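K.L.:
next one to model:
(chains A and B)
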There are 2 protein chains.
Amino acid sequence: MVVVVGGGFGGLNAVRGLRDADVDVVLVDQTNHHLFQPLLYQVATALLPPGDIAPPLRKVLARQRNARVVLGEVTDVDPNAKTVRIALSTGTERTVGYDVLVLAVGATDSYFGHDEWQRFAPPMKTLSHAVRMRSQLLTAFENGASTDDPQERRRWLTIAVVGAGPTGVELAGQIAVMARRTLRDQFTEFDLDDVHIVLLDAAPDVLPPFAPSLRDHTRRVLEGMGVDVRLGRAVDDVDATGVTTRATGSDDATRDRLDAGTVIWAAGVRAAPLAQRLADATGATTDRRGRIVVRPDCTVPGHPEVFVIGDAANLNDLPGIAEPALQEGKYVAEVVRARTSGRPAPGPFRYLDLGTMATISPSDAVADVRGLRLRGLLGKVSWAVVHLAFLVGWRNRASVLLEWAWMLLTGRRSQRVILRGEVGDVPARSTTP
Amino acid sequence: MVVVVGGGFGGLNAVRGLRDADVDVVLVDQTNHHLFQPLLYQVATALLPPGDIAPPLRKVLARQRNARVVLGEVTDVDPNAKTVRIALSTGTERTVGYDVLVLAVGATDSYFGHDEWQRFAPPMKTLSHAVRMRSQLLTAFENGASTDDPQERRRWLTIAVVGAGPTGVELAGQIAVMARRTLRDQFTEFDLDDVHIVLLDAAPDVLPPFAPSLRDHTRRVLEGMGVDVRLGRAVDDVDATGVTTRATGSDDATRDRLDAGTVIWAAGVRAAPLAQRLADATGATTDRRGRIVVRPDCTVPGHPEVFVIGDAANLNDLPGIAEPALQEGKYVAEVVRARTSGRPAPGPFRYLDLGTMATISPSDAVADVRGLRLRGLLGKVSWAVVHLAFLVGWRNRASVLLEWAWMLLTGRRSQRVILRGEVGDVPARSTTP
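P.N.:
Below you'll find the model as predicted:
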């Protein structure tokens, strides 16, 4: 019995890679879908419906006879008894034994020891986060229109994105397009040019993993779209009315206050807590981001039957993006197949670096692919082709392509709905402090 | 200043009808969208994304220079001072004066004096309700798969729909199609034929407003799809594990218990509470469903400047469907236009009965249009044409048509996502009592 925990890029590819193996596979996930995280910001900005980037795991694995899906959260691992404990969606618990365990639980947001900030600066990791953020963003514009107080209005129309990695850059760019183009002519109460989108990061530059020329380009394009890019500023505090920053490495005297109706956390990530539990139980080492330092074959030292992949693992400090997780998932399946069929195990995992990409605007993206650097429209077209190719399912590809074309031609976004939006039940930050 | 409360079929058509009038119009709604309620059950059954049936009010009215939109709930009306009080999305309140008031606040669910049932039998009136119901239904199947206890499994796989009007019939039919076709081969833990869908009503027949031949047809088709239609049974109690019914008009001795993991309330409706407040303030009469009995020109007696339309009004006891509300909205705009331009007022409102329709299955619907009775595929095609025609926006029409075609051809539903579905945060009824 192979138990795979997590149906993201790593876990799902591990399961699929085992389709012809003579093993039973159980995939356990807290959600019922695989999430195509690279497009999550497009759900948060009302462009795509959630289902378009989230095929149900049962559907994806419907034809794989040896795989089962369980909706639940793995709360504990006992590597000696070789069991995992699952908190099921029914509210009860179950203990399941394994011969092989693949831990692909991914990352969760890190608030650098300030979990109290999460209330005011929600994260953007799951589909539920994105849908809630969509309501919060759309409500912020409505609140800006509803208030008569200029200062309060300025606050509601200020949106701060913390973290200038790919997620932060993509979010800031999309919010700018939503404000300036989609909502154009639909608010008479204020000038949409007054919407203030601030992208904050402690680092001195946007998109740290990219080449300097692409970073400069990204920053220039964002600023041209009206995004206020503030770098070298670390977050000192987040509360109900905004965010306080200071110059990186400096003392409190340089604190800077930004009143903002919406603060989005796209900064630090760390491995999901289950990784630390497994480390504690096996004596494995974790790095400062909570990732288990695995052996070259993705196993936990001393436990050749326990694999850790993706954002929960540290293997040569690979970046926390889809591609390493996906390749590790396939590799682990290969190792397990070799073992069950008595073939010699493959050599250590080797990462094939396919580069990295980030979109900036509807007509601009940057791509850094093994020294080949693309930007502008060419970058955007490459970005679109790659993202459509990796999306699961032809229906989703067609639907996403149509939404993109519709947005490009008309500026419209089809999913501009505030949910749970009955007054009194609006998202967290809607009440005046 | 014309204040229109509610952006449904009635309110939106009143606003649009005033586009060339020399008046300022303010539309106040608790949500940011117009809801095409006739397709709401298709959101709840994972077929359509919410945005496809809910165009933003600001978008719909973007080109109407004399109209403004306010997101908020009207909590009170003062017909003497001619003001309404609005609880804004910002959490503050505002009082707005009017020359003409159009109350189009629609209906809310009625639990026949048992509001405590709502927790266990959620309603299906708003987009938020539908999205929550989608998560609840999908979670019920997962829970049925997760449990090992046959009795508990049977309970999770029992879905009771209370109310055999159009909403109840359409929901029961769609859930049957979802269980038998969409989910086919995706649950190995149980036989999908064991999913037990029960349609309950106190009346002796389904779809009371339709001709007897269409009612019989509907019932036969539903039963052919495996829906357990139980008529003449009034709900006596709803709790965390199911619903208790008794034969209509009989005593407790005939009580019947149905264990059900999901109970959906599609039974009684009554006018939104604001109607009663207005009645109290003006001395107007309300009927047993809380609707204000209006004059033949849709005004409140003694207040020619206050109109009540749609599900909040009783004018010749017209049915609570889209068409009367829509026609009343247009009519009220005509009255207001006549008044402001000094033309003679039009005669009393006359309802043009365009009939009524309900869908049963992907290939069957009934339509009762001025004596013309359609059913089967012809009924379904008429139903589809009419519903697409009344949907707002070409993009939405195209998208809905594609989702329907995709469903018909493949059985797949694109929006099968459980949101807020992290374990521990699943919908209300997911924990074992």
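
K.L.:
from here on, just use CA atoms for contacts and neighbour counts.
P.N.:
OK.

K.L.:
thought A:Asp239 was touching A:His114?
P.N.:
No. In terms of Cα atoms under 8 Å, A:Asp239 does not count as a neighbour of A:His114; the distance is 11.3 Å.

K.L.:
the more surrounded of those two?
P.N.:
More crowded of A:Asp239 and A:His114, by other Cα atoms under 10 Å in any protein chain shown: A:Asp239, with 18 against 11.

K.L.:
show me the contacts for the more buried one.
P.N.:
Listed by Cα atoms under 8 Å, 6 or more residues apart in numbering or on different chains, the contact partners of A:Asp239 are A:117, A:120.

K.L.:
how near is it to B:Asp236?
P.N.:
With distances taken as Cα to Cα, to the nearest Å, A:Asp239 is found 48 Å from B:Asp236.

K.L.:
could you chop chain A up by domain?
P.N.:
Domain ranges of chain A: A:2-24+A:66-109+A:270-341, A:115-267+A:362-428, per automatic domain parsing.

K.L.:
could you tell me the end-to-end distance of the first one?
P.N.:
In other words, domain A:2-24+A:66-109+A:270-341. For domain A:2-24+A:66-109+A:270-341, the separation between the terminal residues is 15 Å (Cα to Cα).

K.L.:
kindly export stretch A:78-86 (C-alpha atoms) in PDB.
P.N.:
Backbone C-alpha positions of stretch A:78-86 (Å, rounded to 0.1, in the frame of the first residue of the first chain) are rendered in PDB as follows:
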ATOM      1  CA  ASP A  78       4.100   7.100  12.900                       C
ATOM      2  CA  PRO A  79       7.200   6.000  10.900                       C
ATOM      3  CA  ASN A  80       7.800   3.100  13.200                       C
ATOM      4  CA  ALA A  81       4.300   1.600  13.100                       C
ATOM      5  CA  LYS A  82       4.200   2.800   9.400                       C
ATOM      6  CA  THR A  83       0.800   4.400   9.900                       C
ATOM      7  CA  VAL A  84      -0.800   7.800   9.200                       C
ATOM      8  CA  ARG A  85      -3.700   9.300  11.100                       C
ATOM      9  CA  ILE A  86      -6.300  10.900   8.900                       C
END
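
K.L.:
return the distance of whatever helix or strand A:Val70 lives in from the chain's centre.
P.N.:
Using DSSP states H and E, the element containing A:Val70 is strand A:67-78. Strand A:67-78 has its C-alpha centroid displaced from the chain centroid by 21 Å (Cα atoms, centre = their mean, to the nearest Å).

K.L.:
now the helix or strand that comes right after that strand and strand A:67-78, what's the angle there?
P.N.:
Next in sequence after strand A:67-78, counting helices and strands by DSSP H and E, comes strand A:83-88. Between the axes of strand A:83-88 and strand A:67-78, defined by axes from the mean of the first three to the mean of the last three Cα atoms, to 10 degrees, the angle is 110 degrees.

K.L.:
direction included, what does the strand holding A:Val70 pair against?
P.N.:
Strand pairing for strand A:67-78, using DSSP bridges, gives strand A:25-29 (parallel), strand A:83-88 (antiparallel).

K.L.:
nearest spatial neighbour of the residue of the stretch 201-350 of chain A found nearest chain B, chain-adjacent residues omitted?
P.N.:
At 10.6 Å from chain B, A:Gly261 is the closest residue in the stretch 201-350 of chain A, using Cα to the nearest Cα. Using Cα to Cα, 6 or more residues apart in numbering or on different chains and skipping the chain neighbours, the partner closest in space to A:Gly261 is A:Trp156 (4.2 Å).

K.L.:
ramachandran coordinates for the one you found?
P.N.:
Dihedral angles of A:Trp156 (phi, psi; degrees, to the nearest 10) stand at phi -60, psi -30.

K.L.:
quick one, strands of the stretch 151-300 of chain A?
P.N.:
A:158-162, A:196-200, A:227-230, A:233-239, A:242-247, A:256-259, A:262-265, A:269-271, A:292-293, A:299-300 (DSSP state E, counting those that start in this stretch).

K.L.:
for those, give me CSV that also has mean pLDDT.
P.N.:
Formatted as CSV, these follow (pLDDT from 0 to 100):
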stretch, mean pLDDT
strand A:158-162, 98
strand A:196-200, 98
strand A:227-230, 98
strand A:233-239, 94
strand A:242-247, 94
strand A:256-259, 96
strand A:262-265, 97
strand A:269-271, 93
strand A:292-293, 98
strand A:299-300, 98
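
K.L.:
next, format those strands as JSON lines and append distance to B:Asp205.
P.N.:
Formatted as JSON lines, the entries for those read as follows, by distance: least, Cα to Cα, whole Å:
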{"stretch": "strand A:158-162", "distance to B:Asp205": "54"}
{"stretch": "strand A:196-200", "distance to B:Asp205": "57"}
{"stretch": "strand A:227-230", "distance to B:Asp205": "61"}
{"stretch": "strand A:233-239", "distance to B:Asp205": "57"}
{"stretch": "strand A:242-247", "distance to B:Asp205": "58"}
{"stretch": "strand A:256-259", "distance to B:Asp205": "59"}
{"stretch": "strand A:262-265", "distance to B:Asp205": "52"}
{"stretch": "strand A:269-271", "distance to B:Asp205": "57"}
{"stretch": "strand A:292-293", "distance to B:Asp205": "63"}
{"stretch": "strand A:299-300", "distance to B:Asp205": "63"}
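
K.L.:
report the central residue of chain A.
P.N.:
Central residue of chain A (Cα atoms, centre = their mean): A:Lys125, 4.2 Å from the mean position.

K.L.:
got a list of what the residue located most distally from the centre of chain A touches?
P.N.:
In terms of distance from the mean C-alpha position of chain A, A:Gly342 ranks first, at 37.9 Å (Cα atoms, centre = their mean). Applying Cα under 8 Å, 6+ apart to A:Gly342 gives no contacts.

K.L.:
and what of the one 3 residues further on?
P.N.:
When contacts are counted by Cα under 8 Å, 6+ apart, A:Ala345 is found next to A:335, A:338-339.

K.L.:
by neighbours, which of the residues you listed wins?
P.N.:
Greatest neighbour count in those, by other Cα under 10 Å, goes to A:Val335: 20 neighbours.

K.L.:
that residue belongs to a helix?
P.N.:
Yes. Counting by DSSP: H, G, I helix; E, B strand; the rest coil, A:Val335 is part of a helix.

K.L.:
gap between the nearest residue to it once chain neighbours are set aside and A:Asn316?
P.N.:
Leaving aside its chain neighbours, A:Val335 sits nearest to A:Ala345 (5.7 Å; criterion: Cα to Cα, 6+ apart). Counting by Cα to Cα, the separation of A:Ala345 from A:Asn316 is 20 Å.

K.L.:
and for A:Ile175?
P.N.:
Distance, A:Ile175 to A:Asn316, using Cα to Cα: 35 Å.

K.L.:
before we move on, what about A:Leu35?
P.N.:
Relative to A:Asn316, A:Leu35 is positioned 25 Å away (Cα to Cα).

K.L.:
measure A:Ala322 to B:Thr262 for me?
P.N.:
Applying Cα to Cα to A:Ala322 and B:Thr262 gives a distance of 37 Å.

K.L.:
ok, the two, which is more surrounded?
P.N.:
It is B:Thr262, of A:Ala322 and B:Thr262, that has more neighbours when counted by other Cα under 10 Å, with 29 against 18.

K.L.:
identify the residues contacting A:His196.
P.N.:
When contacts are counted by Cα under 8 Å, 6+ apart, A:His196 touches A:157-159, A:226-228.

K.L.:
go again with 6 Å.
P.N.:
A:Thr158 (Cα atoms under 6 Å, 6 or more residues apart in numbering or on different chains).

K.L.:
of A:Ile175 and A:Asn316, who's got more company?
P.N.:
A:Ile175 (24 against 12).

K.L.:
for A:Arg220, grab the count of nearby residues.
P.N.:
A:Arg220: 14 neighbours (other Cα under 10 Å).
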